[in-house]
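Asker: Make a model of this:
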Amino acid sequence: MSDGWTEFLQAIFLGDPAFLVRTLVIGVFAYAALVIIVRLSGKRTLSSMNAFDFIVTVALGSTLASTIISRDVSLAEGVLALGILVGLQYIVSWSSVRSERVRKAVKSEPRLLFHAGVFLEDAMRRERITESEIRQALRSEGVGSLESVDAVVLETNGNFSVLTKSGKEALAGVAGPLR
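Answerer: Coordinates of the predicted model:
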């Protein structure tokens, strides 16, 4: 092989050796910083309780990746960005616990999609859920008969909860059929 071909292959597969070392060092420190920040902020930071929490989790992953991979982002900038995201998530979740207005702005409410043997078409349409998706949720829960189901709820995190006839008290706080 010629030296030009070897250099070409090295550039494609290995890149700049100095950048590989930078990626290793920044990756270790950025990861450690994220672990520390998340531990300080509490378990809620990486939960998937609702869409807002999911967005923060994705943003943290994207920020960590950008910090590790991008030559244009310093470790200090990346750690600051991670801290800002976690800090804002903490403030919003803290505020939502204390304020009904904030809670309504950032969280949805669970929605009843099936109840007492009836598929609630208006609620399903509003949530963009099909009957086959509800049936799939039933199968996933090991439920073989609609007759044994009292309700199916679309939770705030996008998961389905299947309540059998014996679980009616779990419906407290769930939005009912749309009128």
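Asker: all contacts plus neighbour counts: C-alpha atoms, from now on.
Answerer: Fine.
Asker: Now the element after the helix or strand hosting residue 68, going C-ward?
Answerer: In this assignment (DSSP states H and E), residue 68 forms part of helix 51-69. With elements assigned by DSSP H and E, the helix or strand that comes after helix 51-69 is helix 75-98.
Asker: Run the angle between that following helix and helix 51-69 for me.
Answerer: 170 degrees (axes from the mean of the first three to the mean of the last three Cα atoms, to 10 degrees).
Asker: helices or strands next to helix 75-98 in the packing?
Answerer: helix 17-41, helix 51-69, helix 100-106 (3 or more Cα pairs under 8 Å, 6 or more residues apart in numbering; DSSP states H and E).
Asker: Out of those helices, flag the one nearest residue 175.
Answerer: Evaluated over the helices and strands packed on helix 75-98, closeness to residue 175 peaks at helix 100-106, with 13.3 Å, by Cα to Cα.
Asker: Next, the residues that contact the closest one from outside, please.
Answerer: Applying Cα atoms under 8 Å, 6 or more residues apart in numbering, the external contacts of helix 100-106 come out as 52, 92, 95, 96, 97.
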